[in-house]
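Participant: Turn this into a structure:
(one chain, ligands or ions: 1)
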Amino acid sequence: MTSEKKFKNNKKNYKAKPAGKQKQWTGKKESVKYTEKKKTDFKKNTAPKGEQKKAAPKKTEAKKPATKSLCPVHGKCGGCQLLDMPYEQQLKRKQTEVAKLLKPYCQVEKIIGMDDPFHYRNKVHAVFGHKKDGTVISGIYQEGTHFIVPVDECLIEDQRADAIIRDIRGLLKSFKIKTYNEDTGYGLFRHVLIRTGYHSGQIMVVLVLGSPILPSKNNFVKALRKLHPEITTIVLNVNGQKTSMVLGEKETVLYGKGYIEDELCGKTFRISSKSFYQVNPVQTEKLYGKAIELAGLTGKERVIDAYCGIGTIGLIASDKAKEVISVELNFDAVRDAIANAKRNGIKNVRFYNNDAGVFMRQMADAGESADVVFMDPPRSGSDEKFLSSVITLHPKKIVYVSCDPTTLARDLKYLTKHGYKARRAIPVDMFPATEHCENCALLERK
Ligand SMILES: C[S@@+](CC[C@H](N)C(=O)[O-])C[C@H]1O[C@@H](n2cnc3c(N)ncnc32)[C@H](O)[C@@H]1O
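Facilitator: So this is what the prediction gives:
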C-alpha cells in the first residue's frame, strides 16, 4: 500500500492505535564538590579573555588575578564553552547572536533564561575506558578524538546520574569487567546512558556493551540497585559496531519497565532509551508554552506536528485543536508517542512513522490541508521537500521550533520567499553554559 493510500485510509479514525496495529508505518572519586558558594562565585566570575574586552570590566576588576575555571576539565571536554561567563552575559551573547541571524526576517524578543542554570541535563552519557595501569575511567571523548577526558562530576548534568556513573566504575573493578577498546575492538563495557525524570524522579540506566553477555548479570544489577535504589529501570544495549553512535539496535530490559516517565505541561510521557526527549525539562515547559501560544489555537484547527519525537508538542496542543497529525522517523519514539496518547486519554491525535518530508509531500499530493504546522526538526533543519510541501498545504500559521538558529534562518529564508511572513521569534536558553540556543518562531501566511 502506498503511504498516500495509508493516509487516506486512516483519515476517518484519528485515534492513536497500539504499536502492533500500526504495521503500515513504513576516577577513584577525585571529584570537586561544587557548593552553593561556588555557584555564587560562578555568577560573579570574570569573563574569558576575549569577552573581557567587550564587557569593559572596571579597572579594579581588571587587576584581579584570572579566576580559575569552575570545572577541572573545562576546555578539555569540548562542552560548556561559556561555562565561566556570568549567566547574564551568556544570555546577552545568545540574544545578540540570534538577533543578528534572524534580523532579515523579524525582530527577536527577549531570551527566556533559567533561574538556576546548573545541573539541568536529564540525559547523561559517559564513555568507559581504562588507563594504562588498568584503572577504569569514564567521561567524554575529547572533540574529534577517541581520547577519553575523565569526568567525575559535571556542572550541567543531573547529579544523581553522575553519582551512578562513578559507582558503575567501581562495580566494573569488583566484577572484573573489561572496558571496550575503540581501536582494537576488544573488551566489553562501552558506555552508560542515564535518563532522569525531573518530576517523576524515575531513573533509567542503559549499559552499552560491545557484545550481548554481561558476566554475573544478575549480581551486577543487584549490586547497582543496592548502591542506587532510586534507579527504576536498567536496560542492556548491545553495540558491536565501530561507530560514533552510542546505542546499538538490540536491547534487553534487565530491571523495571525499560523506560521512564515524566511530566511536561500537565501531561505524562513515557520515554525510552532511543527516543528523543528535550534535555532541559524546566526550559522545555517554557518553550512548549510559547510554541502553543504562538499557534493561537481555538479548538477548530487541523494541526500537524512534524518531527514529533514522543509526541510531546502535538499531545500538549491536542486539548486546543480539533485534530493533530504527527509524524516522526524514529520507530521507538512513535511507539512511545502512541503509548503517551493512551496514557493521557487523548483521542484526536494520530501518529505516522515516516520521513517528515516524504509524508508532507504525500499529504500535499493528496490535496490535504492544515491550519497550523508545528515543526521541530533536528539541528540540521528541514529540507526543501518538507518546506515546499508545507507551502502547498497552505497552513495559516507555521510554528518553527529550532535548536540551531543558523538552520532556522536558512529555512526562514525559504518560507518567507514563498508566501509567509515571520512575525515573532523567541530565544529560549535550553543549554546554559554552552553556545547553543533554542528558538521558537511564528510565521503567518501573507
Ligand atoms: C529536535 S527533535 C524534536 C522532537 C519533539 N518535537 C520534542 O520536542 O521532543 C527532532 C525529532 O525529529 C526526528 N527526525 C529526524 N529526522 C527526521 C525526518 N527526516 N523525518 C521525521 N522525523 C525526523 C528525530 O528522531 C527527533 O525525534
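Participant: How far does stretch 100-118 sit from its chain's centre?
Facilitator: 19 Å (CA atoms, centre = their mean, to the nearest Å).
Participant: What residues of it count as buried?
Facilitator: Going by neighbour count (16 or more other CB atoms under 10 Å), the buried part of stretch 100-118 is L101, L102, Y105, C106, V108, E109, I111, I112, G113, M114, P117, F118. For the C-beta atoms, the positions are set from N, CA and C on the backbone; glycine is no exception.
Participant: what's the first-to-last distance across that stretch?
Facilitator: Using CA to CA, to the nearest Å, one end of stretch 100-118 lies 27 Å from the other.
Participant: pLDDT of that stretch, averaged?
Facilitator: When pLDDT is averaged over stretch 100-118, the result is 98.
Participant: so which strand or helix has the residue in the chain that the ligand sits nearest to?
Facilitator: Closest to the ligand within the chain is G309: 2.9 Å, counting by CB to the nearest ligand atom. Using DSSP states H and E, G309 falls within no helix or strand.
Participant: Quickly note the distance from it to N353.
Facilitator: 12 Å (CB to CB, to the nearest Å).
Participant: next one: F118
Facilitator: Distance from F118 to N353, by CB to CB: 37 Å.
Participant: ok, now G258?
Facilitator: As for G258, its distance to N353 is 19 Å (criterion: CB to CB).
Participant: Which of these two has more residues huddled nearby?
Facilitator: Using other CB atoms under 10 Å, the more surrounded residue of G258 and N353 is N353, with 21 against 17.
Participant: can you pull out the helices in the stretch 301-446 of the chain?
Facilitator: In the stretch 301-446 of the chain, the helices defined using DSSP state H, counting those that start in this stretch lie at 312-317, 331-343, 356-365, 384-393, 405-417.
Participant: Equivalent analysis for the stretch 51-200 of the chain, please.
Facilitator: Remark: helices assigned in the stretch 51-200 of the chain by DSSP H, counting those that start in this stretch are 59-63, 87-102, 159-174.
Participant: Quick check: buried residues in the second one?
Facilitator: Judged by neighbour count (16+ other CB under 10 Å), helix 87-102 contains these buried residues: 87, 89-95, 97-99, 101-102.
Participant: and of those, the nearest to A161?
Facilitator: Y87 (22.2 Å; CB to CB).
Participant: Look up the closest residue to that closest one, ignoring the ones flanking it.
Facilitator: With sequence-adjacent residues excluded and distances taken as CB to CB, 6 or more residues apart in numbering, Y87 is closest to P117, at 5.2 Å.
Participant: Can you pull the residues of the chain lying near the ligand?
Facilitator: Residues of the chain that fall close to the ligand, judged by CB under 6 Å from any ligand atom: 276-278, 307-309, 312-313, 327-330, 333, 355-356, 376-378, 403.
Participant: could you flag which of those residues are buried?
Facilitator: Buried subset of the residues of the chain next to the ligand (neighbour count, 16+ other CB under 10 Å): 276-278, 307-309, 312-313, 327-330, 333, 355-356, 376-377, 403.
Participant: wait, D411 sits on Y400?
Facilitator: Yes. Between D411 and Y400 a contact is recorded at 6.9 Å, counting by CB atoms under 8 Å.
Participant: Let me know whether I304 touches E368 as I believe.
Facilitator: No. Applying CB under 8 Å, one finds I304 not in contact with E368, separated by 9.4 Å.
Participant: Deepest-packed of the helices of the stretch 301-446 of the chain, please.
Facilitator: helix 312-317 (a mean of 26; mean count of other CB atoms under 10 Å).
Participant: Doesn't T243 lie inside a strand?
Facilitator: No. Counting by DSSP: H, G, I helix; E, B strand; the rest coil, T243 is located in no strand; its state is coil.
Participant: Could you tell me what pLDDT the model assigned to it?
Facilitator: pLDDT for T243: 87.
Participant: For it, the count of nearby residues, please.
Facilitator: Residues near T243, counting by other CB under 10 Å, number 10.
Participant: Over to the one 3 residues further on?
Facilitator: Each residue near V246 was counted by other CB under 10 Å, and the total is 18.
Participant: again, but for G134
Facilitator: Applying other CB under 10 Å, we find 9 residues neighbouring G134.
Participant: quick one: the strands in the stretch 201-350 of the chain?
Facilitator: Per DSSP state E, counting those that start in this stretch, the stretch 201-350 of the chain carries strands over the ranges 203-209, 233-238, 250-255, 259-264, 267-272, 302-306, 323-328, 349-353.
Participant: Reformat those strands as TSV; add mean pLDDT.
Facilitator: Below are the strands of the stretch 201-350 of the chain laid out as TSV (pLDDT from 0 to 100):
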stretch	mean pLDDT
strand 203-209	98
strand 233-238	98
strand 250-255	97
strand 259-264	98
strand 267-272	98
strand 302-306	98
strand 323-328	98
strand 349-353	98
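Participant: Distance to C77 added to these, as TSV?
Facilitator: Shown next, in TSV, are the strands of the stretch 201-350 of the chain (distance: least, CB to CB, whole Å):
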stretch	distance to C77
strand 203-209	19
strand 233-238	23
strand 250-255	27
strand 259-264	26
strand 267-272	25
strand 302-306	33
strand 323-328	31
strand 349-353	35
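Participant: what pairs with V206 across the strands?
Facilitator: Beta-bridge partners recorded for V206 (DSSP bridges): L193, V235.
Participant: Enumerate every residue touching it.
Facilitator: Residues in contact with V206 (CB atoms under 8 Å, 6 or more residues apart in numbering) are H191, V192, L193, I194, R195, I234, V235, L236, N237, L247, E251, S273.
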